[in-house]
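Asker: Would you be able to build a 3D model of this:
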Amino acid sequence: MDMLWNGWGDPAKAAPLPGAVTGLLRDLLGVTPRTAPALALEDVRLPAPPAGPAALEALARAAGGAEHVLTDDESRVRHTRGKSTPDLLRLRAGDVTDVPQAVVLPASHDEVLAVLRACAEHALAVVPFGGGTSVVGGLAPERRAFVALDLRRMNGLLDLDPVSRTAVLQPGLRAPEAEALLAEQGFTLGHFPQSYEWATIGGFAAARSSGQASAGYGRFDDMVLGLTLATPEGTIETGRAPRSAAGPDLRQLVLGSEGAFGVITSVLVRIRPLPTTRVYEGWRFASFEEGAAALRRLAQDGPRPTVLRLSDETETLIGLAQPDAIGAQLQRGDAGCTAITGYEGTAEDTTRRRERAAAVLRSCGGTLIGTEPGERWAHGRYSAPYLRDALLDAGAFAETLETAAFWSRIPELYGAVRTALTETLTRAGTPPLVMCHISHVYENGASLYFTVVSAQGEDPVGHWAPAKRAANDAVLAAGGTISHHHGVGTDHRDWYVREAGALGVAALRAVKDRLDPDGLLNPGVLLPTD
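Answerer: Alright, predicted model coming up:
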């Protein structure tokens, strides 16, 4: 099944906003319904023709046949950009200036190498494409003549070692398929980001993804033990052992490289036994500050739950902590902040950790509000992107951004980003509702995930651009990183250059020049092209 071409996920799961929520948006933010009819896929007009016959013939030879090189309008539109709000708004307006000239579907590492050689021969840029879920401009290169390298045919479990608890997965394997294959043999990867239903193993590695159960299972880059990378100059293989002192770890060079250095063709990951028990529950704190202090206690001193999240007062009031019940708590007038804790493992282990964690949370001022909020969160944990699309349909603008910092900087970072977004969008005439939650915790810091909702205004993409720039500036000024798990893409690139520093960027540029001397791989993503 293909994802919605102009939205998120399974078309059968798309649903309009309830009337009460539409009224809430009107009363709080002045949102008015959009009246322009929705553009149909068949009405999209492509400005760029497919690649020429010689290039298409070379690509077909490389990919094992002409049937694996797609040039029809629908395939090309479906591989245009990612799934950020500006991406979707531009697509809904018929803007397909970033459309690929062809979609190529290789089936093996060797075919990927052959496709890269063919693209070099015909001066075509290459954009690796997994689930298409990038929200930071990671699929829109600066060079217009490019092909989308769709890895969906590389979707197997190549090996599973139950003694070492490792598995080798291909990059085009979607997360639910990976979990199903591992579950057949009693294991789980434990990686469940919001993009879980559509994102792929290769994309997780390329963007340093972090899942909602990272407190217990770790980030995806914690799970990766080895990688195979296809580049225009050949192959890099990493990961002979779980840890090594044999020089710098080349895995870390590939993780987060977003297709700019090469195409990930296999990933060696560590796996865990399937949990026999899963329990999720809710806690209430009087303030975001109090709740954050409680999460820090658990992150630093334990016991650490598998899932640990905290919504601020606004997000709790609106109900985004429970996406399928948005607005309900506002009507009840609930106050404070909601935390979600989750425990996965054996029955004995989950009971022990729950009891010990509960004692810590109570000592920090928390009040247990039962398993219902936790189970409701678990049921709706992947629904927020569908909610975003419904908000867009209703005339609202909705977008997210995330960052991370050390614990001592979290209060300043939280306030600086909220202020930047509120002031910039208010000046633009579309005052926003800014919500936030702590989505991932570590011994030394945490991630902040912001959701912004406002009226769309006359130019929604144009009104968001200065707000995004102001938020990015605020992140760096307050000591945060420009991205915790969404990646760099083109949206964060200029701020990543500032964060990494001139010498750091020069070192990465040297790596790219050696692996990709013609600059074919995702040009303008991660690093500037000049």
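Asker: Disregarding flanking residues, what is the spatial nearest neighbour of Ser210?
Answerer: His485 (3.9 Å; Cβ to Cβ, 6 or more residues apart in numbering). All C-beta spots, glycine's among them, are computed from the backbone N, C-alpha and C.
Asker: That neighbour against Ser209, yeah?
Answerer: Yes: counting by Cβ atoms under 8 Å, His485 does reach Ser209; the two are 5.7 Å apart.
Asker: Just confirm Leu448 is within a strand.
Answerer: Yes: counting by DSSP: H, G, I helix; E, B strand; the rest coil, Leu448 falls inside a strand.
Asker: returning to that earlier point: name the residues contacting each of His485 and Ser209.
Answerer: Shared contacts of His485 and Ser209 (Cβ atoms under 8 Å, 6 or more residues apart in numbering): Pro193, Arg219.
Asker: distance of Leu4 from Val31?
Answerer: 22 Å (Cβ to Cβ, to the nearest Å).
Asker: These two: who's more crowded?
Answerer: Val31 (22 against 18; other Cβ atoms under 10 Å).
Asker: average pLDDT for stretch 268-284?
Answerer: Averaging the model's pLDDT scores along stretch 268-284 yields 98.
Asker: just stretch 477-490 next, same as before
Answerer: Across stretch 477-490, the per-residue pLDDT values average to 98.
Asker: try stretch 208-228
Answerer: On average, stretch 208-228 scores 98.
Asker: Okay, buried residues for it please.
Answerer: 208-221, 223-228 (16 or more other Cβ atoms under 10 Å).
Asker: same check, this time on stretch 44-63
Answerer: Quick answer for stretch 44-63 (16+ other Cβ under 10 Å): Val44, Pro50, Ala51, Ala55, Leu56, Ala58, Leu59, Ala60, Ala62, Ala63.
Asker: Now do it: distance from first to last residue.
Answerer: Distance between the boundary residues of stretch 44-63 (Cα to Cα, to the nearest Å) amounts to 28 Å.
Asker: Give me the contacts around it.
Answerer: 66, 68-69, 71, 73, 76-77, 94, 96-97, 99, 101-102, 104-107, 111, 114-115, 117-119, 121-122, 124, 144-145, 147.
Asker: Repeat the analysis, applying 7 Å as the threshold.
Answerer: 66, 69, 71, 73, 76-77, 94, 96-97, 99, 101-102, 104-106, 111, 114-115, 118, 121-122, 124, 144, 147 (Cβ atoms under 7 Å, 6 or more residues apart in numbering).
Asker: Next: stretch 102-114.
Answerer: By Cβ under 7 Å, 6+ apart, stretch 102-114 touches 50-51, 56, 59, 62-64, 68-71, 75-76, 79, 115, 147-150, 152-154, 228, 230, 263, 265.
Asker: from those, which ones fall inside helices?
Answerer: Leu56, Leu59, Ala62, Ala63, Ser75, Arg76, Val115 (DSSP state H).
Asker: Distance to Gly462 and pLDDT for the residues you listed - can I get that in CSV?
Answerer: What follows is the ones in helices among the contacts of stretch 102-114, written out as CSV (distance: Cβ to Cβ, whole Å; pLDDT from 0 to 100):
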residue, distance to Gly462, pLDDT
Leu56, 37, 97
Leu59, 37, 98
Ala62, 40, 98
Ala63, 39, 98
Ser75, 30, 96
Arg76, 26, 96
Val115, 37, 98
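Asker: Generate TSV for these, with distance to Asp393 as supplementary columns.
Answerer: Formatted as TSV, those follow (distance: Cβ to Cβ, whole Å):
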residue	distance to Asp393
Leu56	37
Leu59	37
Ala62	41
Ala63	37
Ser75	25
Arg76	24
Val115	37
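Asker: Which residues does stretch 364-377 contact?
Answerer: 279-286, 290, 293-294, 297, 321-322, 324-325, 338-342, 358.
Asker: Out of the residues you listed, which end up buried?
Answerer: 279-285, 294, 321-322, 338-342, 358.
Asker: Go through those residues and flag which are in strands.
Answerer: Val279, Tyr280, Glu281, Gly282, Trp283, Arg284, Phe285, Thr338, Ala339, Ile340, Thr341, Gly342 (DSSP state E).
Asker: how about a markdown table for those, with distance to Glu315 added?
Answerer: Formatted as a markdown table, these follow (distance: Cβ to Cβ, whole Å):
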| residue | distance to Glu315 |
| --- | --- |
| Val279 | 23 |
| Tyr280 | 17 |
| Glu281 | 18 |
| Gly282 | 13 |
| Trp283 | 15 |
| Arg284 | 13 |
| Phe285 | 13 |
| Thr338 | 8 |
| Ala339 | 11 |
| Ile340 | 12 |
| Thr341 | 17 |
| Gly342 | 18 |
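Asker: okay, among these, which ones form the most distant pair?
Answerer: With distances taken as Cβ to Cβ, the most widely separated pair in those is Val279 and Phe285, at 19.7 Å.
Asker: quick one: Gly23 is in a strand?
Answerer: No: according to three-state DSSP, Gly23 belongs to no strand; its state is helix.
Asker: Report the buried residues of stretch 436-450.
Answerer: Those would be 436-442, 445-450, for stretch 436-450 by 16+ other Cβ under 10 Å.
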